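1. build me a model:
(chains A, B, C and D)
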There are 4 protein chains.
Amino acid sequence: MIIMQPGATREQISTVIDRVHANRMEAHTNVGTRQTIIGVVGDRHNVPADQFESLPNVQSVEPVLKSYELASRQFHPENSVFSLGGFTIGGDEIPVIAGPCSVESRQQILETAQAVKEAGANALRGGVFKPRQSPYSFQGLGEEGLEYMAEARALTGLPLVVEVMAESQLPLMSKYVDMLQIGARNMQNYSLLRAVGETHIPVLLKRGLSATIDDLLNAAEYILFGGNNRVVLCERGIRTFETATRNTTDINAIPVLKSLSHLPVVLDPSHSTGHTSFVSAVAKAAVAAGADGIIVEVHPDPEHAFSDGQQSLKPEEFARLVKQVKAVAEAVDRTLVPEETPFFPNGVING
Amino acid sequence: MIIMQPGATREQISTVIDRVHANRMEAHTNVGTRQTIIGVVGDRHNVPADQFESLPNVQSVEPVLKSYELASRQFHPENSVFSLGGFTIGGDEIPVIAGPCSVESRQQILETAQAVKEAGANALRGGVFKPRQSPYSFQGLGEEGLEYMAEARALTGLPLVVEVMAESQLPLMSKYVDMLQIGARNMQNYSLLRAVGETHIPVLLKRGLSATIDDLLNAAEYILFGGNNRVVLCERGIRTFETATRNTTDINAIPVLKSLSHLPVVLDPSHSTGHTSFVSAVAKAAVAAGADGIIVEVHPDPEHAFSDGQQSLKPEEFARLVKQVKAVAEAVDRTLVPEETPFFPNGVING
Amino acid sequence: MIIMQPGATREQISTVIDRVHANRMEAHTNVGTRQTIIGVVGDRHNVPADQFESLPNVQSVEPVLKSYELASRQFHPENSVFSLGGFTIGGDEIPVIAGPCSVESRQQILETAQAVKEAGANALRGGVFKPRQSPYSFQGLGEEGLEYMAEARALTGLPLVVEVMAESQLPLMSKYVDMLQIGARNMQNYSLLRAVGETHIPVLLKRGLSATIDDLLNAAEYILFGGNNRVVLCERGIRTFETATRNTTDINAIPVLKSLSHLPVVLDPSHSTGHTSFVSAVAKAAVAAGADGIIVEVHPDPEHAFSDGQQSLKPEEFARLVKQVKAVAEAVDRTLVPEETPFFPNGVING
Amino acid sequence: MIIMQPGATREQISTVIDRVHANRMEAHTNVGTRQTIIGVVGDRHNVPADQFESLPNVQSVEPVLKSYELASRQFHPENSVFSLGGFTIGGDEIPVIAGPCSVESRQQILETAQAVKEAGANALRGGVFKPRQSPYSFQGLGEEGLEYMAEARALTGLPLVVEVMAESQLPLMSKYVDMLQIGARNMQNYSLLRAVGETHIPVLLKRGLSATIDDLLNAAEYILFGGNNRVVLCERGIRTFETATRNTTDINAIPVLKSLSHLPVVLDPSHSTGHTSFVSAVAKAAVAAGADGIIVEVHPDPEHAFSDGQQSLKPEEFARLVKQVKAVAEAVDRTLVPEETPFFPNGVING
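-> Down below sits the predicted model:
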């Protein structure tokens, strides 16, 4: 990692990058408000640091302390803030993503989209390819579901967050979605991580059921390394011995991730608790602990949901949750995304 | 569990209790604001419910759904609220307990007590018998430490919370302390639980490192069964695969415990994270999630603490934490205990 | 699940299968030594059992007790036994699979192949696409590695077990390998599971780091459902709080899997312990507990291995392990695969 | 830790010990076959090593690498072998301990004792004080149970292994039992550990449900530090996310404990699996992995057992287990304890 002096010129930075390339390594540049940091990735074994230290306006060459680099706060000391559908994530404003586990029908998703929009949601989630434990469970509507999602976006202005399960789904997905979700079971599907790293679509990367925080940041590194730097980390509960809840929300992960990384961190209290009665308490806890957003499952008729009904809020419950979360956000000197945020369509966001 | 009609008289209640005793079982009575519930504990196998149902003003006989009964919200639908040193726990007011891991010297504890008092603490913690992993680590000052603690109480008015490790320590402890702490390693030391159940001293019962929520409530049941109903449950982190933090804070446990039990629930963010940099975020999360209190390690000189230095806040860091937690408490329609709460000395509290 | 009478004719079985298809479901047939069982998969909600029970020689229609069916012992009461490179797995003979974590060079793999062959191995493992936590770690030699593996097979007669990480690697893999390995991180990569389910290449399915036994059997179901019924389950350690070893070998999983499923079960003591000094003890334990095989990492020079050196045995250590495992196998009335097992080349095995 | 030269005299050793005492520390001496090692415990901070190194025939002063010392193999390089009721544990012979979870009645324990004796057991287990999750479950027969146990010993010659739950039970226990069991829930009940450390009764120390191997060895250190060096370590399964079995048998713990410590290690497959159908497989695995003994729950009528019926073998199942374990023991060059081992009564054993 090469730290430039505050006053380093573009030309001097280019010289350093050229030298990196000459050593058959890649350079990732973080232009900070104070100074520029150049992350050097590749085989560093035979490259002496002093050939960089002697270049003009190089302040220092620092060793990377973790196995990941681009995801680290050492490389990027300021919070990453980026836009998604007109609002930003990673800054003071906290977006709320909501929607059903699965898109089940046109009516279901349109109804849910309008309800969550009214309740204060800023983006719409909904799965169309579902990673189900059993091959005999509902596997999702596929492209048909994407079309309904697109219609819901047209109706409400909410950008779309949809899980991608395979590299082969990417061409289709990229026509419709505003943010790709990598599910917990695919967090270490490195082929998929590389593939989404080569797109320019923002990514919501869910922590694996037994992934350490270190594993999660290395998974993010695969995406960042491909050139896609709009990655949001998502805590969604880990597997422990406790059976009173579906998973154990690792609330510690929020301040730990914020200290180790510059990437935005959101929490999914629906999966991390697995029961509607605990979702709201844990959503508030997340924001109090410093989360940059929450993602919540909402269904107009949870009892008849095809999947995850037990953990899906009804729209009116979700509306109450948003109000409560808003109060907590303000107590920690942040705000929810203001209601009237203009919508930028898919093409613009992903550009 | 026998539910009386709202208008049942004392005499009718007595009749039911006599019938319980006649069946060689014990009756624990919860006089609620609306109606009285009689918990029946003992060997229920051969006792038909109908001999109670036919008694005057018995509304219904309900099966107990859990292996614990007195700790359940089914038995005691309203929150348990009880006083500790002049303030209450379990109601709207949220007390903050603070102090060092171990009492190390007279000066250390007096200094800390004053500092945490000024910063807004409502009770003083400090160990004098320490359950250390190795027999060669500092084991605590014993009675000398209790004397310093008593002096700190006299100076500040803060009631004392001290861990008891063995039944044999109880006579000594009961002369000094206002609240007995059962540590995580002793959560299933049933002999000790029974012994503290026979005192009238309030108990802070810490969840074991791998105790399920069900285990914790059954451990509380041992204490309640002995007649001591001032039990506070304490989440202090569980053991998981994650190594970035000392333990994993099970934030889910807060709403789950509040739904299953009427007992107050506090969180110990110092042990549940293990690092000072994460204590404040998790303390705020606890209160946002519905905790009835927090217990925080504070040391005037953490770098030279005999134990737990890595997770102990400096007094000024603790003061900031209290301010932040206060804001969150208000966002969820609660308050911290007001600063000028009169102090009731040990004898009165424990009476 | 439809159980035919012992004497049912082919024609009667066909009639049942036709009826299944007429209900838009799929039939998987298990022709047992005593009677035939027809597994019915698909949407069973609206299909009454009695329309099958009345068909000739149908003994009974039984509900499926688990979310998986084809993987269950209920569907296939006898052990699945199938051939891999001339020997069988799942029967009395216990094969030993050995080789390096990664193929590093032509010389390394040829040397290792000969050494493990001499020591008694029956198949050669070696990764050419490596799922590494960090994108900056060695990622494998790719096709070059497969060519070296093929050369090692030609030299030693050992069939090849190689991990596949992505659907896109399958066409290449299928030209070279005798058994596809699905790694722990991809155990719930359902797209990949479906894709290997459509090949006819035997599969070694590794349990995920926090996958339950139920998860593992459902993952196997995805492969079986595609028509590929040569699936071997592999316990390779799970994530727990214990840090003295890399993972915790779930030895219970062996008898549990053998009772729930008919599929062969192998254990990987290299990953499940993470340290060479414990590999041999756990390999013996696996065979004593009923494992149908073991898979062991062996490297000619572990200290300089590109990956997993800490857990790789030297060839002479491996030779000792094989002798010890042989003695334990005989104590539980089984044998290792006899040394002079003729080799069937790739095309034949996969046919 | 002070290593004496092989030829050091008693007098020279005494000189070293006197010097240790002069520094207000304690000396624990291990007289090995080759040389004597003196473990020094206490506050070592201000004691320079060179004042010992210069004494006659001191070979070297070595730092202790772990937080425990007397339990470490560094201090005691050879296996600890000690007698229990006529046979030895820790050497080549593998004892089998068996009996019911709880002593329920005179008839039940006498019948079980004879049955397990005939099937090949070498010691009798049976709880009289039971640490039950709920205060309303059967809590054991207390002294009455001990009297029945003593009668069973008189009848069969089997020494008795009984759990002690509290320091206050020790005087009673020491009149009856040949080996004290510390249960999993009390593994870090340090007051109890210290108390049993001051007896001369052998101790079976069970690993806590979430205790690391390091925790277990430190718990053993508390007992050894008190002067009682007949401690047997017992793996009985740990808590993980897996729910197919009651606990997860950490089979790795066996070779890990044998490498870190000189103490005998036994496995309890009844608790570590929780289901009779898996006990035998895991018992064999334990012996294959190097366990020095097994402890198994046996009940004449498991379906009506007061506790742990699901995991208790019937006598005939236990007899089959013993035969199978015997074959595995021989495969790893060990034997079960020969059937006709003379019995030494309680007083002698504990002397």
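
2. so where do the helices sit in the stretch 51-200 of chain A?
-> Assigned by DSSP state H, counting those that start in this stretch, the stretch 51-200 of chain A shows helices spanning A:106-119, A:143-156, A:170-176, A:190-197.

3. any chance of those helices in a markdown table, with mean pLDDT too?
-> Shown next, in a markdown table, are those (pLDDT from 0 to 100):
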| stretch | mean pLDDT |
| --- | --- |
| helix A:106-119 | 97 |
| helix A:143-156 | 96 |
| helix A:170-176 | 95 |
| helix A:190-197 | 95 |
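
4. closest to residue C:90 out of those helices?
-> The minimum distance between residue C:90 and these falls on helix A:190-197, with 30.4 Å, by CB to CB. In short, each C-beta sits where N, CA and C put it, glycine included.

5. surely residue A:312 touches residue A:305?
-> Yes - using CB atoms under 8 Å, residue A:312 is in contact with residue A:305, at 5.6 Å.

6. isn't residue A:70 up against residue A:39?
-> Yes - taking contacts as CB under 8 Å, residue A:70 lies within contact range of residue A:39: 5.4 Å.

7. so who does residue A:135 touch?
-> C:41, C:190, C:194, C:218, C:221, C:222, C:225 (CB atoms under 8 Å, 6 or more residues apart in numbering or on different chains).

8. name the SS class of the fourth one, please.
-> Secondary structure state of residue C:218, per DSSP: H, G, I helix; E, B strand; the rest coil, is helix.

9. count of neighbours near it?
-> Using other CB atoms under 10 Å in any protein chain shown, residue C:218 has 25 other residues around it.

10. quick check: residue A:318 touching residue A:117?
-> No - the pair residue A:318 / residue A:117 is not scored as a contact, 10.9 Å apart, by CB under 8 Å.

11. compare those two (neighbour count), which wins?
-> More neighbours surround residue A:318 than the other of residue A:318 and residue A:117, with 28 against 19 (other CB under 10 Å).

12. look at that one and give its secondary structure.
-> helix.

13. elements contacting the host helix or strand of residue A:326?
-> Following DSSP states H and E, one finds residue A:326 within helix A:315-331. Here helix A:315-331 touches strand A:96-99, helix A:106-119, helix A:276-288, strand A:293-297, strand A:335-336, helix B:315-331, going by 3 or more CB pairs under 8 Å, 6 or more residues apart in numbering or on different chains; DSSP states H and E.

14. I'd like those laid out as TSV, including distance to residue A:62.
-> Shown next, in TSV, are the helices and strands packed on helix A:315-331 (distance: least, CB to CB, whole Å):
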stretch	distance to residue A:62
strand A:96-99	36
helix A:106-119	45
helix A:276-288	33
strand A:293-297	31
strand A:335-336	36
helix B:315-331	28
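
15. closest one to residue B:62 among those?
-> helix A:276-288 (20.8 Å).

16. now the closest one and strand A:293-297, what's the angle there?
-> Taking axes from the mean of the first three to the mean of the last three CA atoms, to 10 degrees, helix A:276-288 and strand A:293-297 form an angle of 170 degrees between their directions.

17. for the residue nearest to residue A:132 when sequence neighbours are not counted, report the pLDDT, please.
-> Spatial nearest neighbour of residue A:132, chain neighbours left out: residue A:139 (6.2 Å); criterion: CB to CB, 6 or more residues apart in numbering or on different chains. Model confidence at residue A:139, given as pLDDT, is 85.

18. report the central residue of chain A.
-> By CA atoms, centre = their mean, chain A has its centre lying nearest to residue A:232, at 2.1 Å.

19. alright, calling it a day.
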